[in-house]
Structures are given as structure tokens and as C-alpha cells.
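Student: Sequence first, then the predicted structure, then my questions.
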Amino acid sequence: MKCLRIAFSSFRNIASESCSFSDGANLLWGKNAQGKSNILEGIYFFARGRSFRGAREKDMISFGENEAQLSLDFIKDGDSLPVNLSAVLSQTGKKVLTRTGAKLSGTKEMIGNFRAVLFCPAHLTLVSGGPALRRSFMDIALSQLYPAYLDSLSRYNRALHQRNALIKQAQDTPIDSSLWEIYAEQMSSLATDIASRRLKYMTELDGYVAELFDSMTSGREVPRLDFSTVLQKEGGGEEEIKGEGQKRLRAMLCDNLKREIAYGSTLYGTHKDDFGVLLDKKEAKLYASQGQQRSLALAMKLAEGEASRRAGGEYPVFLLDDVLSELDEGRRSFILSKLSDRQIIITSCDSDVMEKYADSVRLIKVDGGRLTDTADYGDRSCE
Ligand SMILES: Nc1ncnc2c1ncn2[C@@H]1O[C@H](COP(=O)(O)OP(=O)(O)O)[C@@H](O)[C@H]1O
Ligand SMILES: [Mg+2]
């Protein structure tokens, strides 16, 4: 999959610009606060359906404007015609999405068309950070690959939200017990779909991470990803999740109401899933060096690309926001060599990065929301 062109109007600090990309490595280069991450945010919007920075749609519209427009042309490997995705974001909260001119029903219909893997400095803490970061890593990857997953996940999150509100209400007023049973039934069934997909995915990723880490570190240590969910206690895999696990969660959601009401929210479910990262059978979070933790995170991101290729038949586009300057030379050249046969779009404000790679990348200068493709202008000056 290749991103051919992105066009913006009134998006963040970009008034009206477009930019073409080449098949290999593309470098968006400029000083801080010029709009580099904004461009990746715009491209990734089409893969993820929202901002990777957690911004609301309104926040992405240029200050003082009523709406922002984004348009992405991409092409699937082996296809002769590109696909266009476009989005109009409005201050009123209304959003119009199209695919090659035809209106889409919403974000869910858009996700899965254009696939991308985003790698930014926050991902370097995938191993050491909290479980929410790891759940979001699984969710973002799986949502792009399996529309049914995204559907189950949003239904589960909605039910969880409602059940939490009901728990708060129950602190003052007793709630009819049949209502708790309905939630237990619905949430345990959706949790089963979610957890079994996550387990399958993490098992697949485990294999890729082992291979990648092996070639990165010459096989000195052996990593392992260890998915954990309340639906799988006995190590019985997918079968257990779909059988005993589902029953167990259903019972837990009915039998612990007193505790949950005292605590103020739902204590059991797939929203507590996590995965441990082990290195030589030891918890990497506690025992691995910061460098090893970064290498593991790097391997996980590359593995995400491998899993996406297996599910979708082609590599996704890789978007690297500011990570190159966070990595030492060894890790930097490892990632670039691993990605050398795919399309990558990198942002950097580091002159060393620019000077080192200028000849092997398509260099696009970003300055105050203006983009200059140096392939057109031959201008590589920094000022
Ligand atoms: N809604 C918006 N309207 C106009 N400018 C914005 C908006 N949101 C962010 N900006 C501007 O975008 C710039 C940051 O862009 P960013 O892409 O994060 O920079 P960088 O090049 O460092 O990655 C800042 O100058 C900020 O003021
Ligand atoms: Mg940035």
C-alpha cells in the first residue's frame, strides 16, 4: 500500500497545501512547530478515524475557520487505479467522509481502507508504560484489520460506560437486578470476541517479535509477549475464553456488585486486559535496561507491520513521527533497513538526520505550515 498524495485545507496550521510521496522513504523536515506532525496526523486520520494525538475534530480545524478538508490518494499493491479518501471536519461536529467520491456512512466504514502503522516517541514506552497504552496498541492494530473487532470493541465500551454510570447511580438508589444481568450477558459475550482476537493477535505478534529481536540483538536474549485476560485463567487458549472464560466473566459481573458499587466502576472485563513483555522469561518492565525496552518496542511496531501484511496481503504505510532522533545509531539503522522495501514517511527536526539521509529520501521541507518538495525545487537549505 502506498500513500500517493495528501491535500489539506484549513487543517491545523496548514492553510492550503498538497504533497506527493514517493514509494520508498519520505522525510518531512523542518524546525519545531512548523506542521510536520500535523501532516502525519492528517494522513493517519484516514487509517485510524481520529487524531493520534487525542485531539477532537474541532481542534484540527485551523483557528478561526469553520471547516477543515483533507484528501488522501493511495494505491493498493497490484492495483492500477488509486483510491481517494476525503474528510470534511466541521465546527458543528458534522463530518463528511467519502471514498472515491461516494459518501461513507461513517468512520467505521472508512477504517480498514487505508492501513498505516504509526510510530512515535510515546510508543517507546510500550514496555514500561501503563496497560492502557498496550491495550490501545492492540486495539488500533486490530481495528484496522478486522471491522468486526472494531464493532465489538465500540459496543463493549458503550456498555461499559453505561454500566459504570449505573454503578454510580446504585450508590444512592437500588437498581433492578435484571438490569445487571442484561449487562453481564452482553458484556461477557462481547468481551469473548475481543479477548479471543487479542489472544490470537498477540500470539502471532510474539513470533514476529522473536524473529525481529533476534536479528536486532544477534539472538542474545529471547523475548516473549504474554497476553493476559480475566477470560483466560487456566491457559486454555481461545477455547477457554469462549467457554469457561465467558461464563466466569458473566458470573463475576453478577456476583461482585457490592464491591463494584463501593469501588465506583466495573472491576472485571476485557477493559483490564494487558500483555506482559518478557525477556529471558523475566518481566522486561522490571529487569530490562531502557535500551532493551526500546528495542522491544521497536520490534513490536515492526511486528505490527508484519501482522498487517499477513492479514491484508501487503505492507501498510509506516509513519515515523520524531522517533529517529530518539534512537541511537544502531537502532536507527536497524529500523531503516527493515523498512527499506516499503513506504515510510518520517518527520524530523534533526539536521543530522536530514544531512545523513537527504540523498536517499524524498525530502519535503515544512515551514510555517507550507510544504516544499525539494524534488521540485532542489532547495535543501535549512533557513
Ligand atoms: N487548529 C490549529 N490551527 C492553527 N494552527 C494550529 C492548530 N493546531 C496546532 N496549530 C499549530 O501547529 C503548530 C504545531 O505543529 P506540529 O505539526 O505539531 O509541529 P512539528 O513540526 O513540530 O511537528 C504549532 O505552531 C501550533 O500552533
Ligand atoms: Mg512534531
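Tutor: Nice, I can see it. Ligands and ions are numbered 1, 2, ... in the order given.

Student: From now on I want contacts and neighbour counts done on CA atoms only, so please keep to that.
Tutor: Will do.

Student: Can you tell me how far G24 is from I182?
Tutor: G24 sits at a distance of 52 Å from I182 (criterion: CA to CA, to the nearest Å).

Student: Ok, R50 next?
Tutor: For R50, the distance to I182 equals 31 Å [CA to CA].

Student: State the phi and psi torsions of the residue nearest to R48 when sequence neighbours are not counted.
Tutor: Excluding the flanking residues, the one nearest R48 by CA to CA, 6 or more residues apart in numbering is I111, at 6.2 Å. The phi and psi torsions at I111 (degrees, to the nearest 10) take the values phi -60, psi 140.

Student: So R50 and I182 - more neighbours on which side?
Tutor: Using other CA atoms under 10 Å as the criterion, R50 and I182 rank with R50 on top: 17 against 12.

Student: was I right about the more buried one contacting E57?
Tutor: Yes. Counting by CA atoms under 8 Å, E57 is a contact partner of R50 at 7.4 Å.

Student: Tell me the residues of the chain that contact ligand 1?
Tutor: Within the chain, the positions adjacent to ligand 1 are 12-13, 32-38, 59-63 by CA under 6 Å from any ligand atom.

Student: export those residues to TSV and tack on pLDDT, secondary structure and neighbour count?
Tutor: Output for the residues of the chain next to ligand 1, formatted as TSV (pLDDT from 0 to 100; DSSP: H, G, I helix; E, B strand; the rest coil; neighbours: other CA atoms under 10 Å):
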residue	pLDDT	secondary structure	neighbour count
R12	98	coil	21
N13	98	coil	20
N32	96	coil	14
A33	97	coil	14
Q34	97	coil	19
G35	98	coil	24
K36	98	helix	28
S37	98	helix	22
N38	98	helix	20
D59	97	helix	14
M60	98	helix	21
I61	98	strand	24
S62	98	coil	17
F63	98	coil	13
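
Student: Adding distance to S325, write these out as CSV.
Tutor: CSV is the format used below for the residues of the chain next to ligand 1 (distance: CA to CA, whole Å):
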residue, distance to S325
R12, 24
N13, 24
N32, 13
A33, 16
Q34, 17
G35, 17
K36, 14
S37, 14
N38, 18
D59, 27
M60, 26
I61, 29
S62, 28
F63, 30
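
Student: quick one: which of these is nearest to F275?
Tutor: Distance to F275 across those (CA to CA) is lowest for S37, with 28.7 Å.

Student: For the closest one, which non-adjacent residue is spatially closest?
Tutor: If the residues on either side of it in the chain are set aside, S37 comes closest to D321, at 6.5 Å by CA to CA, 6+ apart.

Student: beta partners for the one you found?
Tutor: The partner list for D321 in beta bridges (DSSP bridges) reads T347.

Student: Contacts only, for it.
Tutor: S37, L40, L118, F119, C120, P121, I346, T347, S348 (CA atoms under 8 Å, 6 or more residues apart in numbering).

Student: Quick check, pLDDT for it.
Tutor: Per-residue pLDDT puts D321 at 96.

Student: all helices of this protein, in order?
Tutor: Using DSSP state H, the helices of the chain run over 36-48, 57-60, 107-110, 131-145, 147-170, 177-217, 237-240, 246-255, 257-263, 284-287, 290-312, 329-338, 351-357, 374-377.

Student: dump the residue contacts of the residue positioned nearest the centre of the chain.
Tutor: Among the residues of the chain, the one closest to the centroid is I140, at 3.9 Å (CA atoms, centre = their mean). Taking CA under 8 Å, 6+ apart, we find I140 in contact with R48.

Student: how far away is it from ligand 1?
Tutor: Distance of I140 to ligand 1, computed by CA to the nearest ligand atom, to the nearest Å: 21 Å.

Student: Check C254 too.
Tutor: Look at C254 and ligand 1: by CA to the nearest ligand atom, they are 45 Å apart.

Student: which residues of this protein score low on pLDDT?
Tutor: Applying pLDDT under 70 to the chain flags the ranges 375-383.

Student: any idea how it splits into domains?
Tutor: 1-115+316-383, 127-314 (automatic domain parsing).

Student: Report how many residues lie close to D79.
Tutor: Burial measure for D79: 9 neighbouring residues, criterion other CA under 10 Å.

Student: still on that earlier bit, what's the separation between the residue nearest to S37 and F21?
Tutor: In this structure, D321 and F21 are 16 Å apart, going by CA to CA.

Student: cool, E67 as well?
Tutor: E67 is 25 Å from F21, where distance means CA to CA.
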